[in-house]
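Enquirer: Below are the sequence and a predicted model; questions follow.
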Amino acid sequence: MLKIGVCDDQPESAALLRRNIDTYLARHGIPGKVYVYHSPYEMFAARWKEFEIIFLDVVMREMNGIKAAQKIRSENANTVLIFVSAFLDYATEGYQVKATAYLLKNDMENTFNEAMDDALESLGSREPALEMHATGGKRQMLLSRIWYLESFKRTVQINGDPALRFNEKISDLEHKLSNSGFLRIHKSYLVNLDHCMAIKNYRAVLDNGRLIPCSRQNYAQLVQALLHWKGQFK
């Protein structure tokens, strides 16, 4: 699950950023959660080091975005930083802390999507991926793009973006992906819990609307496993 922080001391600007992020994630089918703060001190008192992307207002009363970015960089070199501001004055300073983008608030409609594309591309080199030998040769697929895997005898179908089929035992994949939030809910299905909204009525409810059958024998354990996984992100 992608975790994104927004730090802006103007509530209206912060709310607009949140709407833009939520719309982008929904359009691209990316599971994520947005955390909004109205000062850097408020953000630093939270679990900010877990954020993969942070949007920072440059001009804030208690601590400006440049100083906040310097603190972030001193403790987390991998976080993608995106500055937002009503002014261009601090754009060059963004490069000193390796900001991915500098967005003007009055031009957000034209620049936001490209900035998110660049941020995700930057994260892509670090985001966990599944390596496989599919038709056409060796392939890699980001785990966040996989909704579930389905076994067909000696092959496995990836139901994600894109859909792929390759030769591997689902039991081997279960072992390989067990620490990455994938749960064997049925002898034929391995589900990405980041895309699982609920387990009820002996079915896993995914965020793309699909309903996947669950094992009746292990049903209680499956529900507990989902609750445990989701609890990691509260």
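Expert: That came through, no problem. Just so it is clear, the model here is predicted, and its values are computed rather than measured.
Enquirer: Could you use CA atoms for every contact and neighbour count after this?
Expert: Will do.
Enquirer: how about low-confidence regions in this protein?
Expert: For the chain, residues meeting the criterion pLDDT under 70 lie at 90-95, 124-127, 135-137, 232-234.
Enquirer: Where does the record place the domain boundaries for it?
Expert: 2-124, 129-231 (automatic domain parsing).
Enquirer: Can you add mean neighbour count and give the ones you listed back as a markdown table?
Expert: What follows is those, written out as a markdown table (neighbours: other CA atoms under 10 Å):
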| stretch | mean neighbour count |
| --- | --- |
| domain 2-124 | 17 |
| domain 129-231 | 17 |
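Enquirer: quick one, what contacts the closest residue to W48 other than its chain neighbours?
Expert: Spatial nearest neighbour of W48, chain neighbours left out: G5 (7.3 Å); criterion: CA to CA, 6 or more residues apart in numbering. Going by CA atoms under 8 Å, 6 or more residues apart in numbering, G5 touches V34, Y35, V36, Y37, W48, F51, I53, I54, F55.
Enquirer: tell me which of the residues you listed is nearest to Q70?
Expert: Nearest to Q70 among the contacts of G5, counting by CA to CA, is I54 at 12.7 Å.
Enquirer: hey, what's the closest one bridged with?
Expert: On the basis of DSSP bridges, I54 is bridged to G5, L81.
Enquirer: wait, doesn't it sit right on D8?
Expert: No - using CA atoms under 8 Å, I54 makes no contact with D8, being 10.6 Å away.
Enquirer: which residues does the closest residue in space to G65 that isn't next to it in sequence contact?
Expert: Spatially, and ignoring its direct neighbours in sequence, G65 is nearest to V58 (4.1 Å; CA to CA, 6+ apart). Under the criterion of CA under 8 Å, 6+ apart, the contact list for V58 reads N64, G65, I66, F83, V84, S85, Y90.
Enquirer: got the end-to-end distance for stretch 3-20?
Expert: 15 Å (CA to CA, to the nearest Å).
Enquirer: do stretch 74-89 as well
Expert: End to end - CA to CA - stretch 74-89 spans 23 Å.
Enquirer: Offset the numbering so it begins at 26, please.
Expert: Let's use 26 as the start, then, which means that last one is stretch 99-114.
Enquirer: got the contact list for that stretch?
Expert: 74, 76-84, 90, 94, 97-98, 119, 123-131, 140, 144, 147-148.
Enquirer: redo that, cut-off 7 Å
Expert: Counting by CA atoms under 7 Å, 6 or more residues apart in numbering, stretch 99-114 makes contact with 74, 76-84, 124-131, 144, all of which sit outside it.
Enquirer: if you look at the residues you listed, which of them are in helices?
Expert: Here DSSP state H is the test, and those give A144 as lying in helices.
Enquirer: quick one, phi psi at R235?
Expert: phi -70, psi 150 (degrees, to the nearest 10).
Enquirer: ok, it to N184 distance?
Expert: Taking CA to CA, one finds R235 at 10 Å from N184.
Enquirer: Pull up the overlap in contacts between I79 and D33.
Expert: With CA under 7 Å, 6+ apart, I79 and D33 have no common neighbours.
Enquirer: Endpoints of stretch 103-123, how far apart?
Expert: Span of stretch 103-123 from end to end, CA to CA: 10 Å.
Enquirer: Now do it: distance to the chain's middle.
Expert: Centroid separation between stretch 103-123 and its chain, computed with CA atoms, centre = their mean, to the nearest Å, is 22 Å.
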